[in-house]
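Undergrad: task: produce atomic coordinates for the following.
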Amino acid sequence: GGAGGAIWITTGALQGNGRILAQGSGPFPAYATGMGSGGGGRIAIHCSTMAFPLATNNLSAASSPCYYTWASAGAAGTIYLKRTADSLGTWIIDNNLVQTYAGSWPKPTTQISTNVTDVPDGNLLIQNLGDLRIFTNGTLSVRGYWTNAASFTADTNTTVYIAGTNESTISGNLAFYNLTCTNSGKTVYFSERNTNAVQGLLTLKGESGNRLTLRSTGTNYWYLKVVDGALLHQVDYVDVSLSYANAASIDAFNSLNSGSNVNWVFATAGGANTWIGTASTSWANPANWDLGRSTVQADFAAISNGC
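TA: Numbering: from 1, shown residues only. Here you go, the predicted model:
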């Protein structure tokens with residue numbers, strides 16, 4: 001089937017009970033052998049006020065169903081909503097519960113690559129079997145909330161930026177490659193009981209007197225899983241509470257322990273850190289240093305004779 005088209009609406013007031021659709025079409029005829037469905041299109045709505053139902057049946061850039069597991073339905077398109085009074089727009093990846101399959105080809109996904117230059121950076125909502133993928137070396141920025149109620153894939157050497165100075169809330173289980181937030185004074189809430197895994201580099205940095213604050217959305221832990229503890233992660237001037245580092249420990253320098261943190265090491269840079277080398281030959285492995293953490297730029301690294 002063919003892909004959905006594009007709809008751009010700029011208006012003062014949007015109201016009514018109709019349907020705004022940019023859906024992919026199904027195979028023709030409907031049960032044609034070997035035919036897949038087209039992917040969803042694109043809808044962008046900019047308005048002052050909205051009195052329009054936002055249910056998927058009324059507003060959709062999804063694919064159409066396909067009836068063969070070896071000829072897949074397409075991936076979701078995108079919907080962007082921005083009211084004049086909203087500080088941030090919302091980007092929605094929603095496939096209307098249409099299931100996609102790998103079949104004989106790679107599984108269809110809504111894709112961000114280095115060739116994509118107009119990705120919104122406000123809020124992000126993935127739902128109803130939407131499947132967002134960042135291709136190798138790609139980037140994605142979110143300044144508001146990110147709700148993952150479906151699927152997200154980050155390829156090698158991709159980076160997600162939690163940007164802006166306003167509060168952000170990250171919900172759902174997410175697996176990043178690199179994760180970066182360097183916005184002093186910003187507060188980021190992570191959904192309680194959910195895990196945020198980081199395969200590559202973790203960079204969380206505020207400034208002296210203006211820390212980056214990391215909090216749970218509730219009274220239970222939020223989990224931060226740093227997969228490779230031997231990398232030189234940068235966590236500096238943060239204020240953390242109710243966080244459980246459920247893989248490698250996390251070294252936080254010049255930071256505030258606001259309580260109930262597990263497997264976080266709160267340290268001050270600038271001391272003598274002596275190499276003991278009992279675990280491996282890796283400079284970045286915390287077990288190879290007597291302070292139980294790898295060195296940073298402000299440290300004095302001491303290496304004994306014979307090491």
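Undergrad: when you work out contacts or count neighbours from here on, use the C-alpha atoms and nothing else.
TA: Noted.
Undergrad: contacting residues for T213?
TA: By Cα atoms under 8 Å, 6 or more residues apart in numbering, the contact set of T213 is G185, K186, T187, V188, V238, D239, V240.
Undergrad: T295: neighbour count?
TA: 23 (other Cα atoms under 10 Å).
Undergrad: hang on, it packs against A302?
TA: No: using Cα atoms under 8 Å, T295 is not in contact with A302; the gap is 10.0 Å.
Undergrad: what sits in contact with each of those two?
TA: N273.
Undergrad: now, the contacts of T213 that are in strands?
TA: Counted as lying in strands by DSSP state E, out of those, are T187, V188, V238, D239, V240.
Undergrad: most neighbours of all those residues, which one?
TA: V238 (28 neighbours).
Undergrad: and it, how far from S208?
TA: 9 Å (Cα to Cα, to the nearest Å).
Undergrad: identify the contacts common to the two.
TA: N254.
Undergrad: show me the shaky parts of the stretch 201-307 of the chain.
TA: Counting by pLDDT under 70, the stretch 201-307 of the chain contains low-confidence ranges at 297, 305-307.
Undergrad: what about the strands in it?
TA: Under the criterion DSSP state E, counting those that start in this stretch, the stretch 201-307 of the chain contains strands at 202-205, 212-216, 222-226, 234-236, 238-240, 243-244, 250-253, 256-257, 264-267, 272-275, 300-303.
Undergrad: could I get the ones you listed in CSV, plus columns for distance to T180?
TA: Listed next are the strands of the stretch 201-307 of the chain as CSV, based on distance: least, Cα to Cα, whole Å:
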stretch, distance to T180
strand 202-205, 5
strand 212-216, 12
strand 222-226, 13
strand 234-236, 9
strand 238-240, 13
strand 243-244, 17
strand 250-253, 14
strand 256-257, 19
strand 264-267, 18
strand 272-275, 27
strand 300-303, 27
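Undergrad: so which of those strands gets nearest T169?
TA: strand 212-216 (9.2 Å; Cα to Cα).
Undergrad: quick one: strands adjacent to the closest one?
TA: Using DSSP bridges, the strands paired with strand 212-216 are strand 187-190 (parallel), strand 238-240 (parallel).
Undergrad: for the helix or strand following the longest one, what is the distance to the chain centroid?
TA: If I follow you right, that is strand 187-190. Per DSSP states H and E, the first helix or strand lying C-terminal to strand 187-190 is strand 195-198. Put simply, strand 195-198 sits 9 Å off its chain's centre (Cα atoms, centre = their mean, to the nearest Å).
Undergrad: which other helices and strands contact strand 195-198?
TA: Secondary structure elements in contact with strand 195-198, counted by 3 or more Cα pairs under 8 Å, 6 or more residues apart in numbering; DSSP states H and E, are strand 174-176, strand 222-226.
Undergrad: which strands or helices does the helix or strand that L124 is a member of pack on?
TA: Assignment of secondary structure by DSSP H and E places L124 within strand 123-127. With contacts taken as 3+ Cα pairs under 8 Å, 6+ apart, strand 123-127 sits against strand 90-94, strand 146-148.
Undergrad: in its sheet, what does the first one sit against?
TA: Within its sheet, strand 90-94 is paired with strand 78-83 (antiparallel), strand 123-127 (parallel), according to DSSP bridges.
Undergrad: which residues touch A252?
TA: Q234, V235, D236, Y237, V238, W264, V265, F266, A267.
Undergrad: can I get the residues you listed in TSV including distance to L129?
TA: Shown next, in TSV, are the contacts of A252 (distance: Cα to Cα, whole Å):
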residue	distance to L129
Q234	34
V235	34
D236	37
Y237	38
V238	35
W264	35
V265	38
F266	39
A267	42
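Undergrad: which among those residues end up buried?
TA: Among those, those classed as buried by 16 or more other Cα atoms under 10 Å are Q234, V235, D236, Y237, V238, W264, V265, F266, A267.
Undergrad: and of these, the nearest to G38?
TA: Closest to G38, out of all of the buried ones among the contacts of A252 and judged by Cα to Cα, is Q234, at 42.7 Å.
Undergrad: now do the contacts for the closest one.
TA: L201, L202, T203, L204, K205, A252.
Undergrad: the third one bridge partners, please.
TA: Residues found in beta-bridge contact with T203 (criterion: DSSP bridges) are T180, Q234.
Undergrad: surely it meets T182?
TA: Yes: using Cα under 8 Å, T203 makes contact with T182 at a distance of 7.3 Å.
Undergrad: with neighbour numbers in mind, choose between these two.
TA: T182 (22 against 16).
Undergrad: alright, calling it a day.
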